[in-house]
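> Here is a sequence with its predicted model. Questions after.
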Amino acid sequence: MATPRMTLPTQLVLRALLAEADREQYGGELGAAAGLPSGTIHPILARLEGVGWLTSRWEEIDPRAEGRPARRYYQLTPDGLELARAALARAYSASARPAWLRPQGEQS
Amino acid sequence: MTALMGSRGTGQEGQPTWWASLAVRSASLPLPAEHRYRYRQEFLAELYAMTPAEQRHHATGVLSRAWTLRGALTDPARLTPKEAAMVKPWRCRLRLHRWQFLRGAEGQVYRECRGCGKQRIDVYKEGPGPMWG
């Protein structure tokens, strides 16, 4: 499974997904949770879905009863959950510690 | 659903305004054909329950990032330089982070910037380290 580049916006989205890993969230909700401006969230979600970290589905509602169309809901896949946790841990450890404090063999 | 998607709201909260609806529909046009319908529906659905001001903000953001989304759909590994550089607050770029002190699962104290999420572990002492960097 490919790994997306861990840019800061991607990390913020992954943190928002991991914070509510047991439930699905729609794009606008995730963007607000991650503190990203409108329009930024969908390219990131598309990349994460493209590499298999995320899965998405349409909300199952009756649009006429609800008075609004169905939303698209996103959730981390089981593999994506593990990979996201590991990627965030790597990103933070690499940025938090200077090179001489890192264990031998760890790449920056 | 299609009827709801196509409604031209009056600008009340809960209904998309006609221009926000038009903007997000336009944002789906540059997308690859196989993704166009899905994202048009997704963008429109998110306009519901927003105030007109929120819809304007959201629709503008979606429209301005339409080509980035196209790039993400056609090549998920590709990253535009603008995207790589964006979002980090100017204070953080100047290393003037707004640190908050937190305690990890194992009891260790670390600090995290409220602006960009950068974390630091102070290895020499328990108390606050320098407030920059």
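Good, I have the coordinates. Numbers count the residues shown, from 1 in each chain, chains lettered A, B, ... in the order given.
> contacting residues for residue 27?
Because you didn't say which chain, this covers chain A. Residues counted as contacts of A:Gly27 (CB atoms under 8 Å, 6 or more residues apart in numbering or on different chains) are A:Ile41, A:His42, A:Leu45, A:Arg71, A:Arg72, A:Tyr74, B:Glu42, B:Glu46. Where you see a C-beta, it was placed from the backbone N, CA and C, and this is true even at glycine.
> Switch to chain B, please.
A:Gly39, B:Tyr39, B:Phe43, B:Ala59, B:Val62, B:Leu63, B:Arg65, B:Ala66, B:Leu69.
> For these, pick the one with the most neighbours.
B:Phe43 (30 neighbours; other CB atoms under 10 Å in any protein chain shown).
> isn't there a helix covering that residue?
Yes: under DSSP: H, G, I helix; E, B strand; the rest coil, B:Phe43 falls within a helix.
> Strands of chain A, residue ranges please.
Under the criterion DSSP state E, strands of chain A are mapped to A:25-26, A:54-58, A:72-76.
> Looking at those strands, spot the one closest to chain B.
For chain B, the closest of these is strand A:72-76, at 4.4 Å, according to CB to the nearest CB.
> Show me what that closest one pairs with in its sheet, parallel or antiparallel.
strand A:25-26 (antiparallel), strand A:54-58 (antiparallel) (DSSP bridges).
> Mean neighbour count and distance to A:Pro78 added to these, as JSON lines?
Formatted as JSON lines, the strands paired with strand A:72-76 follow (neighbours: other CB atoms under 10 Å in any protein chain shown; distance: least, CB to CB, whole Å):
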{"stretch": "strand A:25-26", "mean neighbour count": "19", "distance to A:Pro78": "17"}
{"stretch": "strand A:54-58", "mean neighbour count": "16", "distance to A:Pro78": "10"}
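> which residues touch the residue positioned nearest the centre of chain A?
Within chain A, the residue whose C-alpha comes closest to the C-alpha centroid is A:Leu14; the distance, by CA atoms, centre = their mean, is 3.0 Å. Residues in contact with A:Leu14 (CB under 8 Å, 6+ apart) are A:Leu48, A:Ala84, A:Ala87, A:Leu88.
> Based on its surroundings, how many neighbours for the second one?
Spelled out, it's A:Ala84. A:Ala84 has 25 neighbouring residues, counting by other CB under 10 Å.
> shouldn't it be in contact with A:Val13?
No: contact criterion CB atoms under 8 Å: A:Ala84 and A:Val13 do not qualify, at 9.4 Å.
> per-residue confidence averaged over whichever helix in chain A runs longest?
Ranked by residue count and defined by DSSP state H, the top helix of chain A is helix A:78-96. Summarised as a single mean, pLDDT over helix A:78-96 is 80.
> Same check on stretch A:16-34?
In this model, stretch A:16-34 carries a mean pLDDT of 92.
> same check, this time on stretch B:53-73
Throughout stretch B:53-73, pLDDT has a mean value of 92.
> is that stretch up against chain A anywhere?
Yes: applying CB under 8 Å from any CB of the partner chain, one finds that stretch B:53-73 is in contact with chain A at B:57-65, B:68-69, B:71-73.
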